[in-house]
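S.K.: Here is a sequence together with a model predicted from it:
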Amino acid sequence: MPPPWPPAAPPPACARSLADLLVALSAARALPKGQQLHGHLLKAGHLPATASSHAPIAHHLLTFYARCALPGDSLCAFLDLPAPPSPAAWSSLISSFSQNGLPAAAFDAFRRMLAAGVPATDRNIPSAAKAVAAAEDSSRPPLAPHALHGLSAKTPFAGDVFVGSSVLDMYAKCGHLADARRLFDEMPERNVVSWSALICGYADAGMHSAAMEIFRLALEEAVPVNDFTVSCILRVCAAATLFELGAQVHARSIKTALNASPFVGSSLVSLYSKCGLVECAYQVFGEAPERNLGIWNAGLNASAQHGHTTAAFQRFMDMQNAGFRPNSITFLSLITACSHAGLVDEGKRYFSLMKEYRIEPQAEHYAAMVDLLGRVGRISEALGLIESMPMEPPEYVWGALLMACRMFKDADAAAIAAKRLFETGSRSSGAHMLLSSTYAAAGRHMDAALARKAMRDAGVRKETGLSWLEAAGEVHTFVSNCRRHPRSNEIYNVLEKVGEKMEAAGYVADTSAVVKDVDKDEKQATMRYHSERLAIGLGLLIVPEGVPIRVMKNLRVCDDCHNAVKYLSKCTGRIVILRDNRRFHRFEDGEIDLYRFSGWMDGCQVGRLIGREENDRELIFYMLMELQI
């Protein structure tokens, strides 16, 4: 007799076997075999699910496609479920959208679930919270985080640690740190996700002392921190260039085996690179037992930061050979490497190559290209590139052009760049000072004075130049002509003695950048004790012989200080590594290596952070010293 149509439902034992097979394929993410099984289920009449015994099959199929990053197929499997879908099916669908980069679809599914009368649970609230956190600021409803928190508070899962942690993470990623901290303090129980979410929220917002304080509390309460937590703390140390503290966190990660994580590895590579220890960064990268795209980018970025252009290009090829597809960060590092070496044609090639990978250049890529063109004097071409941008140029793009104008003393182009920069609404004191110093360098002192007057009239205050030295178990911070340090007399004396040797060796002060039209002696006195020179002077006193003097500065090092430190290294025999907000400078025996600081946004953010929170470094240092990690 012919088989009945439609086919009879399989016996329960067979349905369970098919469901178990789907679970195994889902865990292995075996897409081809799972698709074959899906076809068999359709042909055999097991789908669309009409009997209750079929429902687990369709549900596991939904999860299978979610884990294979095919949320559209997950939706098809969801539609094959018998009506009405169960709460577990709704949760799986929301999770599929949320985990696969479709936050708007995930939140819409969550709202449809509620409209269908299905209550929020401890499974779907975390997925909805993740979707809200991942949504773009422009597309996220303004009250969505608070509305979801209010909804979760009315459910029986209000005190659940996983629900609370997901809501806390949502608040932190949406920038509502006050709400995140309030929820954290009110939670009856916390887990590592709770602690990590708050720490990383503070770190991402630049509130580094607050992030370190929470980390200290976590260690005091013996919270088993994970790789995500350690990675965030290492980012704090890298942003503030606190090498000794970062090394302590590195040591702790080795003791807990967290250094094997690629997330920790990439943060360690960035830490050592930003602290000027590129060989250590390379060693961490080479010893990484597992590599993801993040650690590849960190290694490539380290090569770009330190001027190892050939190594950067080779690392890019190695990354591709390892099966990793480059992203926007990869190309930003490559263009930066080309900028350091002045390789215009190579930089243009990588900029064009982005389209082959379907990556649209962002404003930071244009800024890097403007920097590349500006560094070789092609200012008009850089201006043309800015005019061709598909988006409105942000202030840091015009800042890159303004910096090139300062380098080549092109006052007319600088005036255009500054005008366009101010039209963006920028209140950057650096732009005003760059314009003023460009006029001064071109001998147009009247225009320089007018630029300074315009800055005062606009109510913009000049950002304080800070330099700091981490040595002898303490962080020492200086401003220009500062005498607050307890060893100021010794610092000034050693600089005067070294200054005499420098002048005998041929050093002549370059006062072209002094914006005020005063006599030569006053100009020289103005520049002799800039903050970086005072920090180096202390380094000559307390940093042991044979150990490089590492000084960090939040603003750009002026041309005269750059030249002076070159002579200082020759006259003292000391190695000086000086990092400002644009690049690394390594001075040894009068020779200079310039290492371009990668990442326009990163450099600007670090500069603003240090200038705004100068006391953070000392606070962070003493916090970690108390931990004895």
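M.R.: Great, that's in hand.
S.K.: doesn't G307 make contact with A341?
M.R.: Yes: if you go by Cβ atoms under 8 Å, A341 and G307 touch, sitting 7.2 Å apart. For glycine as for every other residue, the C-beta is placed from the backbone atoms N, C-alpha and C.
S.K.: so what sits against both of those two?
M.R.: Counting by Cβ atoms under 8 Å, 6 or more residues apart in numbering, A341 and G307 have no shared contacts at all.
S.K.: what's near enough to touch H149?
M.R.: Applying Cβ under 8 Å, 6+ apart, the residues near H149 are 167, 170-171, 179, 183.
S.K.: mind running it again at 7 Å?
M.R.: V167 (Cβ atoms under 7 Å, 6 or more residues apart in numbering).
S.K.: And for V167?
M.R.: 129, 148-149, 152, 183.
S.K.: one more time with 8 Å, if that's ok
M.R.: 125, 129, 145, 148-149, 152, 183.
S.K.: okay, those residues in CSV with distance to I549, secondary structure and pLDDT next?
M.R.: Converted to CSV, the contacts of V167 look like this (distance: Cβ to Cβ, whole Å; DSSP: H, G, I helix; E, B strand; the rest coil; pLDDT from 0 to 100):
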residue, distance to I549, secondary structure, pLDDT
I125, 53, helix, 95
A129, 48, helix, 95
P145, 47, helix, 94
L148, 51, helix, 95
H149, 50, helix, 96
S152, 53, helix, 95
L183, 45, helix, 96
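S.K.: Most neighbours among these, which one?
M.R.: For the contacts of V167, counting by other Cβ atoms under 10 Å, the largest number of neighbours falls to A129: 28 neighbours.
S.K.: I'd like the distance between that one and A120.
M.R.: 11 Å (Cβ to Cβ, to the nearest Å).
S.K.: From the chain's centre, how far out is the helix or strand where F110 lies? Work that out for me.
M.R.: F110 belongs to helix 103-115 when assigned by DSSP states H and E. Put simply, helix 103-115 sits 30 Å off its chain's centre (Cα atoms, centre = their mean, to the nearest Å).
S.K.: List the neighbours of it that are in contact with it.
M.R.: 71, 87, 90, 93-95, 97-98, 120, 124, 127-128, 130-135, 139, 144.
S.K.: same question, stretch 495-511
M.R.: Defining contact as Cβ under 8 Å, 6+ apart, one finds that stretch 495-511 is touched by 520, 523-524, 526-529, 533-534, 537, 540, 559-560, 563-564, 567-568, 570-572.
S.K.: Looking at those residues, which are in strands?
M.R.: Assignment to strands by DSSP state E places none of the contacts of stretch 495-511 there.
S.K.: Just the buried ones from these?
M.R.: Buried subset of these (neighbour count, 16 or more other Cβ atoms under 10 Å): 523, 526-529, 533-534, 537, 540, 559-560, 563-564, 567-568, 570-572.
S.K.: returning to what we had before: now, the contacts of helix 103-115 that are in strands?
M.R.: Per DSSP E, these never map to strands.
S.K.: Derive a PyMOL selection command for the buried subset of those.
M.R.: To isolate the buried ones among the contacts of helix 103-115 in PyMOL, judged by 16+ other Cβ under 10 Å, type:
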select buried, resi 71+90+93+94+95+97+98+120+124+127+128+130+131+132+133+134+135+144
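S.K.: quick one: low-confidence parts of the stretch 51-200 of the chain?
M.R.: Scanning the stretch 51-200 of the chain for pLDDT under 70 picks out the ranges 51-54.
S.K.: all helices of it, in order?
M.R.: Secondary structure of the stretch 51-200 of the chain (DSSP state H, counting those that start in this stretch): helices located at 55-67, 71-79, 87-99, 103-115, 124-134, 144-153, 161-173, 177-186, 192-204.
S.K.: In the helix holding F110, which residues are buried?
M.R.: 103, 105-107, 109-110, 113.
S.K.: Name the nearest of those relative to L258.
M.R.: Nearest to L258 among the buried residues of helix 103-115 is P103, at 28.9 Å by Cβ to Cβ.
S.K.: Against L343, how distant is that closest one?
M.R.: As judged by Cβ to Cβ, P103 and L343 stand 39 Å apart.
S.K.: follow-up on the earlier one: next step: the buried ones among the contacts of stretch 495-511 restricted to helices.
M.R.: 523, 526-528, 533-534, 537, 540, 559-560, 563-564, 567-568, 570-572 (DSSP state H).
S.K.: JSON lines for the buried residues of helix 103-115, including distance to L555?
M.R.: Shown next, in JSON lines, are the buried residues of helix 103-115 (distance: Cβ to Cβ, whole Å):
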{"residue": "P103", "distance to L555": "38"}
{"residue": "A105", "distance to L555": "45"}
{"residue": "A106", "distance to L555": "43"}
{"residue": "F107", "distance to L555": "43"}
{"residue": "A109", "distance to L555": "49"}
{"residue": "F110", "distance to L555": "47"}
{"residue": "M113", "distance to L555": "52"}
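S.K.: quick one: which of those residues is nearest to A281?
M.R.: Nearest to A281, judged by Cβ to Cβ, of these is P103 at 33.8 Å.
S.K.: and the gap between the closest one and D73?
M.R.: Per Cβ to Cβ, P103 is found 19 Å from D73.
S.K.: remind me which residues of the chain are low pLDDT?
M.R.: In the predicted model of the chain, residues 1-13, 49-54, 511-526, 582, 592-629 satisfy pLDDT under 70.
S.K.: Report the secondary structure state of E392.
M.R.: Put simply, E392 is coil when judged by DSSP: H, G, I helix; E, B strand; the rest coil.
S.K.: Leaving out the residues flanking it, which one is nearest to it?
M.R.: Distance criterion Cβ to Cβ, 6 or more residues apart in numbering; nearest residue to E392, sequence neighbours excluded, is T424 at 7.7 Å.
S.K.: Quick one: residues contacting the one you found.
M.R.: Going by Cβ under 8 Å, 6+ apart, T424 touches 392-395, 398.
S.K.: cool, F157 as well?
M.R.: 120-122, 125, 163.
S.K.: Let me know the distance separating it from M113.
M.R.: Counting by Cβ to Cβ, the separation of F157 from M113 is 15 Å.
S.K.: Remind me which helix or strand I233 belongs to.
M.R.: Going by DSSP H and E, I233 is part of helix 227-239.
S.K.: outside of that helix, which residues touch it?
M.R.: Outside of helix 227-239, the residues within contact range by Cβ under 8 Å, 6+ apart are 192, 195-196, 199-200, 203, 206, 208, 211-212, 215, 218, 242-243, 245-246, 249-250, 252-253, 258, 261, 263-264, 266-268, 270-271, 274-275, 605-606, 609, 620.
S.K.: Any chance you could give me it in CSV, C-alpha atoms only?
M.R.: Coordinates of each C-alpha in helix 227-239 appear next as CSV, following Å, rounded to 0.1, in the frame of the first residue of the first chain:
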residue,chain,number,x,y,z
ASP,A,227,40.1,37.3,31.2
PHE,A,228,37.7,40.0,30.3
THR,A,229,38.3,41.8,33.6
VAL,A,230,42.1,41.6,33.3
SER,A,231,41.9,42.8,29.7
CYS,A,232,40.0,45.9,30.8
ILE,A,233,42.5,46.7,33.6
LEU,A,234,45.4,46.3,31.2
ARG,A,235,43.7,48.8,28.9
VAL,A,236,43.7,51.2,31.8
CYS,A,237,47.4,50.8,32.4
ALA,A,238,48.1,51.1,28.6
ALA,A,239,46.0,54.3,28.3
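S.K.: Tell me the helix or strand right after it.
M.R.: helix 243-255.
S.K.: now the angle between helix 227-239 and that following helix, please.
M.R.: 160 degrees (axes from the mean of the first three to the mean of the last three Cα atoms, to 10 degrees).
S.K.: tell me which residues of helix 243-255 are tucked away?
M.R.: Using 16+ other Cβ under 10 Å as the test for burial, helix 243-255 gives 243-250, 252-253.
S.K.: same question, stretch 176-192
M.R.: Using 16+ other Cβ under 10 Å as the test for burial, stretch 176-192 gives 176-177, 179-181, 183-184, 187, 190-191.
S.K.: what about it, how long is it end to end?
M.R.: End-to-end distance for stretch 176-192, by Cα to Cα, to the nearest Å: 20 Å.
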